[in-house]
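Colleague: Okay, here's the prediction I keep looking at, along with the sequence it came from:
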Amino acid sequence: MADTTPRIPSRQWRGVLTEYADRLGITEATPVVTLGEGGTPLIPAPALSARTGAKVYVKFEGMNPTGSFKDRGMTMAISKAVEHGAKAVICASTGNTSASAAAYATHAGITAAVLVPEGKIAMGKLSQAIAHNAQLIQVQGNFDDCLDLARDLAENYPVHLVNSVNPDRIAGQKTAAYEVVEVLQDAPDFHLLPVGNAGNYTAYSRGYTEELERGVTTKLPRMFGFQAEGSAPIVLGHPVAHPETVASAIRIGNPASWELALAAREATDGYFGAISDDDILAAHRILSAEVGVFVEPASAIGVAGLLQRSEAGVIPAGATVVITVTGHGLKDPQWALRSEDGSEVKPTVVPVDSAEIAGVLGLVRATS
Ligand code: F0G
């Protein structure tokens, strides 16, 4: 039969498994399942630099194919699952992992079962999982319950677990650190990001450590991870039975990569901090209205963390800071329609009349 596989022009970004094949141990034996993930922009954020005196960049992971950083790990996890003959994968999720697993599994022609906490994931993510044909199951419990169930099912039934307890996920996700180093030509002084299961915190630390060992960077960044106040087990030092926060992506009370994250904090002179929901939403507004980057609430927590740590005097003037903003705002857009005082934003309605619009906009007619 004729080979009908479309070929990719060489100058298009080919996804992290092909771009970093040698560093991820990808060989001919691995059927690469990709949607073109990775290669996301590192965007200078002058508005954040002006507020802090640091050189601030945001790594916009919402630009991945399903709108979050999860795609970097999922291309690896699904490719390896297929290599090992898996016909079905399973994961627990606060939303983004389920969207990503669903998309990559369906692309590979295998099935994905996803367990999500009932009523607790954003509409965009729920829609993605369903659109991509996942078997979506809402569990009457929280994320931590879902992860326990997914682990149990993967152990006792023929389904392959693709949560970040699967080391292939972390391996794929560490490529984001390679990309930062490629652009900056060194590691930043600080790297800030949200923490849920702490898989991504672990992945970046690993990526940066490899870069230092390869001799392409001069240092490790200090890794600063942030949890929402109502679900901050690592900050508190104990699991949280009933985690709560507006940042539904990181509503996690018992992080899977807790121990690895503590080791990474130790190795990088890092830090874990807690941020209030109000400060998360304020940072969300700053990112949207001053930087021009639209994210979901959880993804804004690194920016809130920057402002908090800067105020505490921890971020010196001129320091290079990278903040990973993990997921796209279109997944959970309702927050943009809430003003600071909590009231709903209502766009002005006008008749079909340019003079009326000019009045609303405060425009004065040009004199010729
Ligand atoms: N940001 C977003 C947008 C997320 O979806 C997640 C995790 C995190 C940050 C935290 O990353 O768990 O590696 O510390 N979301 C998972 C999910 C739990 O199911 O989509 P982490």
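Modeller: Here it is on my side, so go on. Numbering: from 1, shown residues only.
Colleague: most centrally placed residue in the protein?
Modeller: residue 326 (2.5 Å; C-alpha atoms, centre = their mean).
Colleague: For the residue nearest to residue 339 when sequence neighbours are not counted, which residues are in contact?
Modeller: For residue 339, ignoring the flanking residues on the chain, the nearest one in space by C-beta to C-beta, 6 or more residues apart in numbering is residue 345 at 5.3 Å. In short, each C-beta sits where N, CA and C put it, glycine included. When contacts are counted by C-beta atoms under 8 Å, 6 or more residues apart in numbering, residue 345 touches 336, 337, 338, 339.
Colleague: Now secondary structure too, for those, in a markdown table please.
Modeller: Output for these, formatted as a markdown table (DSSP: H, G, I helix; E, B strand; the rest coil):
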| residue | secondary structure |
| --- | --- |
| 336 | helix |
| 337 | helix |
| 338 | strand |
| 339 | coil |
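Colleague: Identify, from the residues you listed, the entry nearest to the ligand.
Modeller: The ligand lies nearest to residue 336 out of those, by C-beta to the nearest ligand atom, at 15.8 Å.
Colleague: Please identify the buried residues of stretch 269-284?
Modeller: Under the neighbour-count criterion of 16 or more other C-beta atoms under 10 Å, stretch 269-284 has 270-275, 277, 279-284 buried.
Colleague: roughly how far is that stretch from the heart of the chain?
Modeller: 15 Å (C-alpha atoms, centre = their mean, to the nearest Å).
Colleague: So it, near the ligand or not?
Modeller: No. Stretch 269-284 lies out of reach of the ligand by C-beta under 6 Å from any ligand atom, never closer than 11.0 Å.
Colleague: pull the CA atoms of that stretch into PDB?
Modeller: Taking Å, rounded to 0.1, in the frame of the first residue of the first chain, the C-alpha atoms of stretch 269-284 are listed here in PDB:
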ATOM      1  CA  ASP A 269      18.300  26.500  47.200                       C
ATOM      2  CA  GLY A 270      14.600  26.700  46.300                       C
ATOM      3  CA  TYR A 271      11.400  27.600  48.100                       C
ATOM      4  CA  PHE A 272       7.700  26.700  48.400                       C
ATOM      5  CA  GLY A 273       5.200  29.400  49.200                       C
ATOM      6  CA  ALA A 274       1.500  29.800  49.600                       C
ATOM      7  CA  ILE A 275      -0.600  32.400  47.800                       C
ATOM      8  CA  SER A 276      -4.200  33.600  48.600                       C
ATOM      9  CA  ASP A 277      -6.900  33.200  46.000                       C
ATOM     10  CA  ASP A 278      -7.300  37.000  45.900                       C
ATOM     11  CA  ASP A 279      -3.600  37.400  45.000                       C
ATOM     12  CA  ILE A 280      -3.900  34.600  42.400                       C
ATOM     13  CA  LEU A 281      -6.800  36.500  40.700                       C
ATOM     14  CA  ALA A 282      -4.900  39.800  40.900                       C
ATOM     15  CA  ALA A 283      -1.900  38.200  39.200                       C
ATOM     16  CA  HIS A 284      -4.300  36.700  36.600                       C
END
